[in-house]
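S.K.: Turn this into a model:
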Amino acid sequence: MVCRGREPNLRQVRKEAMQQTLDQYVHERPSLTRGLAGQVAIITGAARGLGAAIAHRLAREGALVAIADLDAEAAEAQASCVMESSGRAVAYAVDVADPESVERLVQETRARLGAVGV
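M.R.: Model (predicted):
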């Protein structure tokens, strides 16, 4: 689509198409999982995009979600969003390239939510 003689921003068009696809998948599909109620899930990169969609889906299925991301503020915001819409979530700032950071994530998640099952 061309507006006023300008070519479309293909990156933006692709991003919008991907977001629409994710939204449709997350919100319109019937339950794909069984038995997640009360299970603990750690999702890395969950502050935005596909990670966020997965966090929302697992929370909707009853999982307790640990939202882990390098961006602490974005992780907190996403955890708040998950809690408002569908379930229980906590946020963690983590650098998955740092083994000590990942170990802290797992230990803190176990302490706050219980044994990690997903």
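S.K.: So for stretch 90-99, first residue to last residue, what's the gap.
M.R.: Start to finish, the residues bounding stretch 90-99 are 20 Å apart (Cα to Cα, to the nearest Å).
S.K.: Repeat that for stretch 76-96.
M.R.: Using Cα to Cα, one end of stretch 76-96 lies 17 Å from the other.
S.K.: May I see the buried residues of that stretch?
M.R.: 76-79, 81-82, 86-94 (16 or more other Cβ atoms under 10 Å). Yep, even glycine has a C-beta here, placed from its N, CA and C like the rest.
S.K.: so how far is stretch 58-73 from its chain's centroid?
M.R.: Centre-to-centre, stretch 58-73 and its host chain are 5 Å apart (Cα atoms, centre = their mean, to the nearest Å).
S.K.: same question, stretch 53-69
M.R.: The chain centroid and the centroid of stretch 53-69 are separated by 6 Å under Cα atoms, centre = their mean.
S.K.: What mean pLDDT does that stretch get?
M.R.: Stretch 53-69 shows a mean pLDDT of 92 in the predicted model.
S.K.: Hmm, residue 117 is touching residue 42, no?
M.R.: No. Here residue 117 does not reach residue 42: they are 9.8 Å apart, not a contact under Cβ atoms under 8 Å.
S.K.: Which one of these two is surrounded by more residues?
M.R.: A direct count of neighbours by other Cβ atoms under 10 Å for residue 117 and residue 42 places residue 42 higher, at 21 against 14.
S.K.: What is the neighbour count of residue 103?
M.R.: The burial count for residue 103: 11, using other Cβ under 10 Å.
S.K.: what separates residue 57 from residue 114, distance-wise?
M.R.: Using Cβ to Cβ, to the nearest Å, one obtains 20 Å as the distance from residue 57 to residue 114.
S.K.: More neighbours: which of the two?
M.R.: Between residue 57 and residue 114, residue 57 has the larger neighbour count (other Cβ under 10 Å), namely 23 against 12.
S.K.: The host helix or strand of the more buried one - contacts with which helices or strands?
M.R.: In this structure, residue 57 is located in helix 49-60 according to DSSP states H and E. Packing contacts for helix 49-60, counted by 3 or more Cβ pairs under 8 Å, 6 or more residues apart in numbering; DSSP states H and E, involve helix 10-28, strand 40-44, strand 64-69, helix 72-85.
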